[in-house]
Structures are given as C-alpha cells and as structure tokens.
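Novice: using only what follows, build the 3D model:
(chains A and B)
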Amino acid sequence: MMGSENADGFEETQLNAPRDEMENLVLGVDDDGPLKKNDVNGDSSNSGYRSAMSTLSNMNDPLSPPPTVITPADSDPLLAPSSFTDFRSIVTKPNTSDNSYIEPPSYADVIFSPFDENSDSEINGAEDSSNRSQSPDSLSRSPSSSSSEYFKITVSSPQKEQDTSNSIVPGGNTYITYQITTRTNLPDFGPSESSVRRRFRDVVTLADRLAESYRGFCIPPRPDKSVVESQVMQKQEFVEQRRVALEKYLRRLSAHPVIRNSDELKVFLQVQGKLPLPMTTDVASRMLDGAVKLPKQLFGEGGASAVPVHEVVQPARGGRDLLRLFKELRQSVSNDWGGAKPPVVEEDKEFLEKKEKMHDLEQQIINASQQAESLVKAQQDMGETMGELGLTFIKLTKFENEEAIFNSQRTRATDMKNLATAGVKASRFYRELNSQTVKHLDTLHEYLGMMMAVQGAFADRSSALLTVQTLLSELSSLQARAEKLEAASSKVFGGDKSRIRKIEELKETIKVTEDAKNVAIREYERIKENNRSEVERLDRERRADFMNMMKGFVVNQVGYAEKISNVWAKVAEETSQYDREKQSS
Amino acid sequence: MESTEQPRSVSGSMQSPRSPPSQPYLSVSVTDPVKLGNGVQSYISYRVVTKTNFPEYQGPEKIVIRRYSDFVWLRDRLSEKFKGIFIPPLPEKSAVEKFRFSAEFIEMRRAALDIFVNRIALHPELQQSEDLRTFLQADEETMERFRFQETGIFMKKPADLMQMFRDVQSKVSDAVLGKEKPVEETTPEYEKLKHYIFELENHLAEAQKHAYRLVKRHRELGQSLLDFGKAVKLLGACEGEPTGKAFSDLGTKSELLSIKLQKEAQQVLMNFEEPLKDYVRYVQSIKATIAERGTAFRQHCELAETTKLKEINLDKLMLTRSDKVGEAEIEYRETKAESEEATRRFEMIVRRMNEEIVRFQEEKTEEMGVAFHQFAKGQARLANGIADAWRALLPKLESASSV
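Specialist: Reported below is the predicted structural model:
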C-alpha cells in the first residue's frame, strides 16, 4: 500500500476483471490474450514482502469504501524491535471476493465471523453491539464490558499545515495534522460524535500527561517520535504509517477501562482548536529552570531545600527539581550498594519476582511473534509458488492444444489444465488463509506493546519507591543533625542564639519533609495498588485474548485445509484413470 | 514393466509364475545401491536383475553389478547405433560431492536408472540391441573393458572414420565455396515439429523449476511450523493455566504437522518434480536426434550432389574416350553406393522419428497423468492430515476457554 487511498481503490477494481478472465481461461476457453502474472496472484510478484499492504480486514467486499478503516500497520512504530515491523507487510493484497464462488466448508462461518463483524461495523456504524465496543484491534473477549457500549475512534485525512507563529525561517515550519473522529455513546462524553484536528506533538503531550496522571497503570505506549530514514520511505508512506499507528494508539487508550474516562483523553478528543503547548515540552528549558533553582536549594534558604509536597507525587526525573534528582540518585546508588534497607524491602522481593516473570513472558512473546512471522512468510511463499506453478501449466496447456497433432497431446492438455486450475485455486486459498493467520497471530504483536506498558507501570512503582526511600533517609539525616545541634547547644549556658535559630529552622524542614514523606508513601501505596489491579486485569485479558487467538488460528487452519483438500481431491478424481495403486500389476 | 499375467498352464509346465508360457518378455530391475571404493574414487554400484525368455539371452534370470558409467556407455552405444530413435535419457551426473551420497539422491538416481533400462527393454527396436545384452549379462570385468574402450577412436569402424573425415571436408569446402548456410530440411511438418520440441523444452523447464521451488516451500513451511511450535510451547510455559496447556497442545500439533510437511516435500520431489525433470531430459534427447537427422540429411544431400558430379565427369571422360574412364567409373559407383547408403540412413531416421513421436506423446501423457494423479493425491492427503490434526485440538481449546 503505497499510501494513497486511490492506489488501493484502483488495485481493488483491477482485481476483479482479470480474475473473471482468468477463470474463463482456466475453465477451457481457448481464446484469451496474453497471460499476465497479475491475473493469478493479484499482484506482481515483485511486490514481495516489504511492500506495504492494506485491507487485510476487508475480506468481504472489494467494493467497500476505501480504507480509512481497519488497516493494520505495515510497520508498527510501536514495536521497538524492528524485525517485527515487516510482520504485517508480509501479506500482499488478498483476492477478497473469493467468498462468492467457493462453497463454504464446515468451518467457513466460524472462520469469517469474528472479523467480518468488525469490518461490517465500519459500515454499519452504531449497530455494533456488546463485545465489539472495544476497538476491533483488540479481539473480542468474553463479555466483560457492559452491553451496547460504543467507543470508536478514527484517524484520517492527514493535511499539511503551516506554523505561523514564531517561525525563524521564512516559509516556516510545516507539520501534518490528522483528523480525529470519535463516535461514542458513553454518557461521560458530550456529543456522540466529535471531530478535531491534532498534530503528533499533541499526541506526545497527551501521552506525557497520562503518564503523569496515571502512575502505576499499564498505559499503552504511544507511537515513536523517531523519523524514518528518508531514503527508505517516501513521505507519503511515513504519514500513512503514522496515521495508522495513531489510530491504533488512540483505540488502545479507549479500550482501557480507566483511561478512557480520563479528562486528558476527553480534552484531546473533543476540544476544538489548537491545544496549548505543555510546560514541559522542552528538556533544555526544564534543565535551565532546574539549574536556576539549584543554588537556592543548596544554600538552604529555608524550606527551599525540602521537596515541595505537591511535587512529591511526581517522579523526580523529568521535573525541574535537580536537587531532588541528585538526592534520589544518591539514594538509589546506596540502595544498590547495600545501604540501610528501608522497611519496604520485603514487598520489593515479591515485586522483583513478578517483574522477572513479566520479563520472561515478554521474551517468549517476542520469540513467538518472530516465529509467527516466519510461519506467515512460509505460508505466503507456498501460495505464491503454487500459483506460479499453476500459471506455468496453464501456459503449457495452451501450448499443447495449439500445437496438438495427436490425441494424446489433447488428453495431456486436459490433465494439465485440471492440475493448473487446482494449483491456482489452492494458491488463492493459501493467501486467504494467510491474511487471516496474520490477523490472529497479530495478537502476539499487540501484547508486545502491552508488555511495554507493564514495564512503564513497574517503573512508576520503582521511582515512587525511590522517592520514599530518599525522603526517609533524608528525614533520618535531618533528625540526626537536629539531635547533634540540640546536644551541642544544650552545653552552652543560656542558650546559643544562632544554634537555636538553626534548630528551629531544621525542625520546620523536618516537619515539611515528614509531610512529604507521608504523601510519598501514600502515593507509593496507591501506585502499588494500581500496579496490582492493572497487572491482574492484563493477565486476565491477555489469557482470554491468547485463547481466542489460538482458537481463531486453529479454526482458520482447519477451514482452509479442508478447502484445499477438496481442490486436490477433485483433481485426483479427474485423473483417477492413472491410479497405479488400484490396478493389479 | 512386465507383460500381463496369465494363469499357469494346466499342464503344469515348470515356468516362473510371472512369465506367460509363450509371450516374449524382458524385464529388468535396478536395485540395491551400494557405496564402493574409497574417498574421491568412491562410487555407487547397483544390482541389475534381468528376467527374460528372449532366445538371445543366456537364461531366464541374470544378475550383474553395474555402475553409473556403465549406463552411460549403454546410452552412448544405443545413440550411435539407433539413430532416429529417442534414446531414453539418463539422470544427471551430480557434481556436488556432498550431495552425491545422500540417501535421497541415491534413491532418486536408482529409480531413474531403473526407468531408463526398462524403457530400453520395452522398446521394440532397442530391446534387440546387442549392447543391451552385453550390458545386462556381461561380467564386471568384461563390462569394464568395454567401458574403457568406448571413448577412444578404436571402436569406430573405418566407414565411420571416413564419414567423419568427409564431414570436415565438406564443411571446409562449403566455407571455401561460400556456402555458409548448412543444408536443412524445410518441410512444414518437420519445421513444426522442431519448433514444437524447442518450445516444449522451455515450458517444461519452467514447470520443473516451479515444481522444485514447491518442494522447497514444503520444507520451509515444515521448518517454520516446527519453530513456531517450539516458541509457542515456551510461551505456554510462562503462562498459567489454562492458557499454558493450550499453548503446549498447539505447539505439539504444530511440530507434528512439520513432520508431515517434510514427508510430503520428499514425495513431491520424487513423484512430481522428478518426472518433470525426466520429461525435460527426454525432450533434450529428442533434440539430439533432431541434430542427428540434420547431419544425416546433409550427408544425403552432399553425397547425392557428389554422385551427380562424378556422373557428369564420367560422361565427359567417356565422350573423350579418356583412359581414365575405368578409374572414374569405379569412383562413380563407389560414391553412388555411399550416397544410396546415406539416403537410406536418412530415410530410416525419418521413419523412426515418425514412429517415435507417436510413442513419445503417448508415453508422456501416461507418465504425466500418473505424476499429476500422485501429486494431487499427496496434496489432498496432506491437507486432510492438517485439517484432522488441527480439528482434534478444537474441543480442548473450547473446554479450556470456557473455564
């Protein structure tokens, strides 16, 4: 899929005519013009695996509206390891209208239903019911969501826009905006349909804000900022990939039971006009602010050295408080080097185990996903070669018929034609099988993204813990200092004015720090709880999704194996006169 | 391969149960490949078993040991002596050392050699060949001697040598006289045949190429199923129940199917790709025959022309009552005899080829029919096996997910 919808539409219409021709040819009409490879495979075989593809889900109707609908990403920037990016690009365009001429075998209905309904929902809109309320990218699970909920986000029509403000360069910055359309009947959302224009930077802001507000949650990771090598990809392709990635991301957000109701998401989806720039976009300016504050903190102007309580609920990293950053860094080092262990260490062990397990799981998902990719490729290759073989025999058939002098040649031509027809049919089935397989095994990919989200949640917990530990050790050192001062000043007869003043200040700092510590502990506990419930939810959903994946995969294999078997059984029947096993020798 | 069976004669005559009392038969089998020799010089030897009631043969059954180069010798001898007949093709000599002794390669070669000999044995003309008798009956030492002599000039009869000489001569004189274009038959039927054969080779080569790729695809799919199965099992080990067990079952099935695919790959190679390759070789053998026919035609034309010239010369000499007349007459008669011989040879080739073409087409239709049938059956069986295997998994998955 080289980007534009026009290309897709064209390709689809092109598919239909030649196929009819093809079938006529195969069914024995001897006229026909030159045979194109395209007739059989629907694509030039040069398109290969690296070419972008489209409409895997558009299984039913080649005349359905051009894809603004489900189009799995060709390369999903969400997935860090680049080897996965070709997973979905492996499948070239399937010949989608085959359903019409193939008699459904025993599993036909079951094969097509889970995804058919999803594609239909694009067209039928609000008719979509119960389980489909979640984005079609996440597979339907056993009904956990309430019935008749509907939340559908679409990202479309990328447009170039000009950045008119503070442009140093004349002709200025251009950037791309995307139209984001939301259809929902959730009560919390205002209008049932809204449409806004957003740029990628706004998405980054959204992601950052969600990360701040929902610490401890498994928040789906946003698409990468990284720009793709311009030699490899055209701008158009990149924009299209990004559009797809954004759509996936937003749909995943809307699938999360807690985040879907967040203000941040609502604002993003519904508030018209340009979103304000966040305070913290610029790393440099953040550092600058922090650097300005630092001397004040170090030279101890009153409470300036204490962590402002409200900031405690945010991680140190990424904030302005350099001093806090240093302290927490020091604390983490001392933790590592076996310094005084804070009381939370027991739970930590359990947490570390869980983390380890998650890591293992992630590894295995990666591995399985890679092998799934190979499997898909192998199925694709099989289909392609089968098709080429069929095509070659069709040419041979034609040749023998044209040049036939003997009847034996005509007989052979007939036999070859039967074989060729079967080969072509089988080839189509392999490709259909494959596009379905991709959809099913895609679940593995999806969960790779979710594993990253889990890592994020765990990181939140670790950093919250670090904050607590830092505050605890700071508290204890402050108290130690206070004790020392008191001891010293009690030795001075009549009071030591300067020391007493210092003690007062110190006690105040201690009180503030104490408060901060309590807040930090509460925050830590809250995040721990978020972790726990999220991981539990994730485990549950993952298991259900994996079960569905396996079922779908297996049903698919059975259905198509049956179809393919029938095709060849027919040929075996047609050539039964050559059966040497039956004849007595 | 063997002639149709008939019931044992009532008189209870002592004949082998397979041989009908009076019909002539010659049946050969190539079996038991054995590796002999050491290192670089090692080779495969085969057991060739002949059963026959042909009177020219030494007995009802004979067993000899032969190697690949013996078969090559036989093919070369037959090509020389039976011009016009499409000599059955031999499997290629494999250059790759590593592959030469793989079990698959050896089996495929054995099967191909078996077909080769049997085609000869069943051919009405070829089966009468003395060289065939030598091949099937001579002891190993004699065979080896024959084999070594084959390549030399020594085996060529004087007449053959003279012909070779004349070929060169005529080529030179053609060039000298400016006759660059060789003389060729141009009848429309023959043109059509040549065109057909050359085109056919292209088509078949392409078909064979794709067939071979298909074999590879089977192997690749098998391998990927194996890897996928393993990966899925590992994933299952990370997950709790019931997902873990489901993954484990899935993985096991996948591994099982991988084996089926490898097996089918081998079947497709032997029963589909190999026959196509054989078809290609056969067509190449026909091309060789076409070349022979071309040579024979040229000789026939040239000798006819030479004869004519000598006749004219003779007449001239007779008119002038030269004393060279006697010599010239002898020359003339000799040339005429050669010319008639060349014409006979050419016409025999034409006659044979016409018969051979019919045979060829019929045989090929039969052989390809068998190949297609086996291929289709194999594919159907494979697909059924796959369907059954996956289907068996479904109830387990259903019950697991309803937990």
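Novice: how much space between residue B:342 and chain A?
Specialist: Between residue B:342 and chain A the computed distance is 28 Å (CB to the nearest CB, to the nearest Å). Just so you know, the C-beta spots here come from the backbone N, C-alpha and C atoms, and that holds for glycine as well.
Novice: for chain B, which helix is longest?
Specialist: Counting residues, the longest helix found in chain B (DSSP state H) is helix B:325-401.
Novice: give me the helices and strands touching it, please.
Specialist: helix A:407-491, helix A:497-574, helix B:243-268, helix B:274-319 (3 or more CB pairs under 8 Å, 6 or more residues apart in numbering or on different chains; DSSP states H and E).
Novice: out of those, which gets nearest to residue B:386?
Specialist: Closest approach to residue B:386 among those is made by helix A:497-574 (4.2 Å; CB to CB).
Novice: and residue B:193, how far from residue B:275?
Specialist: Separation of residue B:193 from residue B:275 (CB to CB, to the nearest Å): 23 Å.
Novice: those two - which one has more neighbours?
Specialist: residue B:275 (22 against 18; other CB atoms under 10 Å in any protein chain shown).
Novice: I'd say the more buried one and residue B:368 touch.
Specialist: Yes: Residue B:275 lies in contact with residue B:368 (CB atoms under 8 Å); the separation is 6.7 Å.
Novice: so where is the stretch 1-150 of chain B shaky, pLDDT-wise?
Specialist: Within the stretch 1-150 of chain B, the segments meeting pLDDT under 70 span B:1-21, B:94-101, B:150.
Novice: tally of neighbours for residue A:193?
Specialist: 13.
Novice: on the strand side of things, show who it bridges to.
Specialist: Here residue A:193 shows beta-bridge partners residue A:183, assigned using DSSP bridges.
Novice: model confidence for it, exactly?
Specialist: Per-residue pLDDT puts residue A:193 at 85.
Novice: cool, and the one 5 residues further on?
Specialist: Residue A:198 is assigned a predicted lDDT (pLDDT) of 89.
Novice: cool, residue A:321 as well?
Specialist: 71.
Novice: quickly list the domain ranges of chain A.
Specialist: Chain A breaks down into these domains under the TED database: A:149-163+A:172-280, A:348-578.
Novice: how about the contacts made by residue B:226?
Specialist: Residue B:226 makes contact with B:254-255, B:258, according to CB atoms under 8 Å, 6 or more residues apart in numbering or on different chains.
Novice: mind telling me what element it is part of?
Specialist: For residue B:226, the host element (DSSP states H and E) is helix B:188-238.
Novice: now swap in residue B:27 and tell me
Specialist: Using DSSP H and E, residue B:27 falls in strand B:26-36.
Novice: for that strand, name the packing helices and strands.
Specialist: Using 3+ CB pairs under 8 Å, 6+ apart: strand B:26-36 touches strand B:43-52, helix B:103-122.
Novice: of all those, which one is nearest chain A?
Specialist: Closest approach to chain A among the helices and strands packed on strand B:26-36 (CB to the nearest CB): helix B:103-122, 13.2 Å.
Novice: list of residues touching the closest one?
Specialist: B:1, B:26-31, B:33, B:44, B:46, B:48, B:68, B:71, B:74-75, B:78, B:88-91, B:94, B:99, B:126-127, B:129, B:132, B:266, B:269-270, B:274, B:278.
Novice: which PyMOL command selects the buried ones in the residues you listed?
Specialist: In PyMOL syntax, the buried subset of the contacts of helix B:103-122 is picked out as below (16 or more other CB atoms under 10 Å in any protein chain shown):
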select buried, chain B and resi 26+27+28+29+30+33+44+46+48+68+71+74+75+78+88+89+90+91+126+127+129+132+269+270+274+278
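Novice: buried deepest among the domains of chain A, which one?
Specialist: domain A:348-578 (a mean of 20; mean count of other CB atoms under 10 Å in any protein chain shown).
Novice: and that one, how far apart are its ends?
Specialist: 73 Å (CA to CA, to the nearest Å).
Novice: on that earlier part again, can you give me the mean pLDDT across the longest helix of chain B?
Specialist: On average, helix B:325-401 scores 92.
Novice: over to stretch A:572-579?
Specialist: 92.
Novice: and it, does that touch chain B?
Specialist: Yes: part of stretch A:572-579 sits near chain B under the criterion CB under 8 Å from any CB of the partner chain, namely A:572, A:575-579.
Novice: pick out whichever of the residues you listed sits closest to residue B:250.
Specialist: residue A:572 (30.1 Å).
Novice: list the contacts for that closest one?
Specialist: Residues near residue A:572 by CB under 8 Å, 6+ apart: B:373, B:376-377, B:380.
Novice: any idea which of those has the most stuff around it?
Specialist: Top of the contacts of residue A:572 by neighbour count (other CB under 10 Å): residue B:376, with 26 neighbours.
Novice: that residue contacts residue A:422, doesn't it?
Specialist: Yes: between residue B:376 and residue A:422 there is a contact under CB under 8 Å: 6.9 Å.
Novice: which neighbours do those two share?
Specialist: By CB under 8 Å, 6+ apart, the residues touching both residue B:376 and residue A:422 are A:568, A:571.
Novice: re the thing from before, so what strands line up beside the strand holding residue B:27?
Specialist: strand B:43-52 (antiparallel).
Novice: now the strand it pairs with against helix B:103-122, angle please.
Specialist: 30 degrees (axes from the mean of the first three to the mean of the last three CA atoms, to 10 degrees).
Novice: partners of the helix or strand just after strand B:43-52 in the sheet?
Specialist: Following strand B:43-52 in sequence order, the next helix or strand is strand B:61-67 (DSSP H and E). Here strand B:61-67 is paired, per DSSP bridges, with strand B:43-52 (antiparallel).
Novice: so how far is the strand it pairs with off the chain centroid?
Specialist: 17 Å (CA atoms, centre = their mean, to the nearest Å).
Novice: hmm, who's touching it?
Specialist: B:16, B:18-19, B:25-37, B:57, B:60-68, B:101, B:106, B:109-110, B:113, B:117, B:135-137.
Novice: just the buried residues of that strand, please?
Specialist: By 16+ other CB under 10 Å, the buried positions in strand B:43-52 come out as B:44-46, B:48-52.
Novice: what's the closest of these to residue A:326?
Specialist: Of the buried residues of strand B:43-52, the one sitting nearest to residue A:326 (CB to CB) turns out to be residue B:44, at 78.4 Å.
Novice: beta-bridge partners for that closest one, please?
Specialist: residue B:35.
Novice: now do the domain split for chain B, please.
Specialist: Taken from the TED database, chain B resolves into B:26-146, B:188-402.
Novice: out of those domains, the one nearest residue A:202 is which?
Specialist: Nearest to residue A:202, of the domains of chain B and by CB to CB, is domain B:188-402 at 36.7 Å.
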